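In: one predicted model, sequence on top.
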Amino acid sequence: MRRWWQEISGLVLPIACGGCGLPRTPLCEECAQELYGPGARRARPL
């Protein structure tokens, strides 16, 4: 049910990636990786 609502609202309010402008997605995978960076990792003091 949610999917058809997104399709209809896409006609009135088009969705595009905030980073690169790719249509039909609020934030594409490549831009999300650039925004959030790599995952957390353990750091040890020298």
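Out: Done, it's in. Residues are numbered from 1 along each chain as shown.
In: any low-confidence regions in this protein?
Out: In the prediction, the chain carries residues with pLDDT under 70 at positions 1-2.
In: which stretches in it count as helices?
Out: Assigned by DSSP state H, the chain shows helices spanning 2-12, 29-36.
In: just checking, what packs against the shortest one?
Out: This points to helix 29-36. In terms of contact count using 3 or more Cβ pairs under 8 Å, 6 or more residues apart in numbering; DSSP states H and E, helix 29-36 is assigned no packing partners among helices or strands. To be clear about C-beta, it is placed using only N, CA and C from the backbone, and glycine gets the same treatment.
In: so how many other residues sit close to residue 42?
Out: Residues contacting residue 42 under the criterion other Cβ atoms under 10 Å number 4.
In: from residue 9, how far out is it?
Out: Residue 42 sits at a distance of 43 Å from residue 9 (criterion: Cβ to Cβ, to the nearest Å).
In: can you tell me which of the helices of the chain is most buried?
Out: For these, ranked by mean neighbour count under the definition mean count of other Cβ atoms under 10 Å, the leader is helix 29-36 at a mean of 12.
In: measure how far it is from the centre of its chain, please.
Out: 7 Å (Cα atoms, centre = their mean, to the nearest Å).
In: which residues touch the residue nearest the centre of the chain?
Out: With the centre of the chain defined as its mean C-alpha position, the nearest residue by Cα atoms, centre = their mean is residue 27, 1.9 Å away. Shown in contact with residue 27 (Cβ atoms under 8 Å, 6 or more residues apart in numbering): 17, 18, 19, 35.
In: most neighbours among these, which one is it?
Out: Highest neighbour count within the contacts of residue 27: residue 17, with 17 neighbours (other Cβ under 10 Å).
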